[in-house]
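> only the shape, not the letters, is given here:
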């Protein structure tokens, strides 16, 4: 087994084989996650309201996602009269593509990544922004007033939340000094006190104050912005089913609608994976480091840690959705422009100052 | 400064909300899985009426006086009686209820003169939904006999 892996990890010919293998794997991963996160969501919603959630199809309702999939695929995909047929059909594909591209640079384990890009973080944010365009396209092409209102909301919401998110990430980049996601994780080796969320406050290895003493606030801002960027409750202005029917997806039927749903969950996976990488040490063990001589088993263990952290954050997304009511739109923008952006600017300045501080003595 | 405290208080309230929902998350569910589980029906539940089972067995307690038929505001009860062969008085031969028009008001039961146990009572049946109208026409004498046969 390990011989095969070593063979496949040789540069440069097998780089492409690895890339293709990984992209196929990513497709499967996104599909499975989208299907079963819907199940987690419904199950979680049930538990938070003291209901059992779906439990008729299979044990614990585990066959619910395939049943939903069959139902969606059996439905007719219709283009409403007067809609821009090309853009209308293109939007679901465009909305699912960016999160899949992002997963290509996200390291799931020590050597388990498709593409060790030096600007991995930049790529994730670049594709994360395209996602908005796809939603807007879908809303615009539908020729439906609710869809267009939703599209307008999505754009203004995403513009507002992109800024604090990037500012927060910049504070982190100033500490890490690299955009290579795998390297950012390697810096956080050693235990949970070496993760950026703790290391920002006090750097145990160097024995001086960390680069950003407000790093828990930074994490909160990042998480909030992630929720807003993925259009999740309480910021689900794009759907807002009680106001806008189904928002940008109003005119979509069958799998067209299903793909938008898949994309939403894929975005959550990417967002939570990123939060894990940047703040919670990615695939690093919470205590000590995984010994290098464990080879692929160590990588597997690291992947386990990564998924544990990531799925915990995803559970928090579900938890938040079923706790808070939807915000009003002006409150949503106020939160970003009046609170998150000033606070993240303060953390940015603070980080810039604190990074210079140890050099002064 | 005021805004600063407002933001902090707002943040605290968010975490309070989260702590409440997570506590609910770990409590047991309170759903009754209906076709497989049922709630116990309260003793005084008003289902459709039926002839009370005679505690001594045998024929119904009904004396076919038609008080219930007269008391019924929607005229959904039809009672017919025949002379008893083994003594004075009448016994019920036909007791039909048109459940489609019955409003479950209970005036028939109030009007029943039979003592000490009234001859008609409420059942506890609630799952009477049907795709046809036949269920509405109920032969309560037949139902009495069926229940008695089941009991013995």
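Received, thanks. The structure displayed is predicted, hence computed values, not measured ones.

> count residues in the vicinity of the residue of chain B found nearest chain A, would you?
Proximity to chain A, evaluated over chain B using CB to the nearest CB, is greatest for residue B:21 at 4.4 Å. Using the backbone N, CA and C atoms, a C-beta is placed for each residue, glycine as well. By other CB atoms under 10 Å in any protein chain shown, 16 other residues sit near residue B:21.

> part of a helix, is it?
Yes. Assigned with DSSP: H, G, I helix; E, B strand; the rest coil, residue B:21 falls within a helix.

> list the contacts of it.
A:48, A:319, A:322-323 (CB atoms under 8 Å, 6 or more residues apart in numbering or on different chains).

> mind running it again at 6 Å?
Residue B:21 sits next to A:48, A:323 when contact means CB atoms under 6 Å, 6 or more residues apart in numbering or on different chains.

> nearest residue to the residue nearest the centre of chain A in space, please, no chain neighbours.
Closest to where the C-alpha atoms of chain A average out (CA atoms, centre = their mean) is residue A:271, at 1.5 Å. Computed as CB to CB, 6 or more residues apart in numbering or on different chains, the closest residue to residue A:271 that is not its neighbour in sequence is residue A:226, at 3.9 Å.

> now that neighbour: which helix or strand?
helix A:215-229 (DSSP states H and E).

> from the contact counts, what lies against that helix?
Packing partners of helix A:215-229 (3 or more CB pairs under 6 Å, 6 or more residues apart in numbering or on different chains; DSSP states H and E): helix A:145-176.

> and the helix it packs on, what does it pack against?
So helix A:145-176, by 3+ CB pairs under 6 Å, 6+ apart, packs with helix A:120-141, helix A:215-229, helix A:241-244, helix A:341-360.

> which one of the ones you listed has the lowest average pLDDT?
Across the helices and strands packed on helix A:145-176, helix A:241-244 has the smallest mean pLDDT, namely a mean of 71.

> go through it and flag the buried ones.
Neighbour-count burial for helix A:241-244, counted by 16 or more other CB atoms under 10 Å in any protein chain shown, picks out residue A:244.

> repeat that for stretch A:60-74.
Buried, per 16+ other CB under 10 Å, within stretch A:60-74: A:61, A:64-65, A:68-69, A:72.

> could you do stretch A:339-352 as well?
Burial within stretch A:339-352, assessed by neighbour count using 16+ other CB under 10 Å, is assigned to A:339-341, A:343-344, A:347-348, A:350-351.

> just the ones of the buried residues of stretch A:60-74 in helices?
Among those, the ones falling in helices (DSSP state H) are A:64-65, A:68-69, A:72.

> who's the closest spatial neighbour of residue A:339, skipping the chain neighbours?
residue B:7 (5.8 Å).

> ditto for residue A:141
Residue A:141's closest residue in space is residue A:87 (CB to CB, 6+ apart), at 3.7 Å.

> what about residue A:107, how many neighbours?
Neighbours of residue A:107 (other CB under 10 Å): 26.

> from residue B:69, how far out is it?
83 Å (CB to CB, to the nearest Å).

> which pLDDT value does the model give the residue in the stretch 251-361 of chain A that chain B sits nearest to?
Across the stretch 251-361 of chain A, the shortest distance to chain B (CB to the nearest CB) belongs to residue A:323, at 4.4 Å. For residue A:323, the pLDDT comes out at 89.

> again with residue A:310
90.

> thinking again about what came up before, and the residue nearest to residue A:141, which of the three is it?
helix.

> so stretch A:41-52, near chain B or not?
Yes. With CB under 6 Å from any CB of the partner chain as the criterion, chain B is reached by stretch A:41-52 at A:47-48, A:50-52.

> quick one: buried residues of that stretch?
A:41-44, A:46-48, A:52.

> from these, which ones fall inside helices?
Those of the buried residues of stretch A:41-52 lying in helices (DSSP H): A:41-44, A:46-48.

> before we move on, the earlier item: against residue B:7, how distant is the residue nearest to residue A:271?
Distance from residue A:226 to residue B:7, by CB to CB: 19 Å.

> so those two - more neighbours on which side?
residue A:226 (22 against 14).

> in contact with residue A:270, which residues?
Neighbours of residue A:270 in contact, by CB under 6 Å, 6+ apart: A:99, A:102.

> thinking again about what came up before, now for the residues of stretch A:41-52 next to chain B, which pair is the farthest apart?
Within the residues of stretch A:41-52 next to chain B, A:48 and A:52 form the most distant pair, 11.9 Å apart (CB to CB).

> centroid residue for chain B?
Short answer for chain B (CA atoms, centre = their mean): residue B:47, at 2.0 Å.
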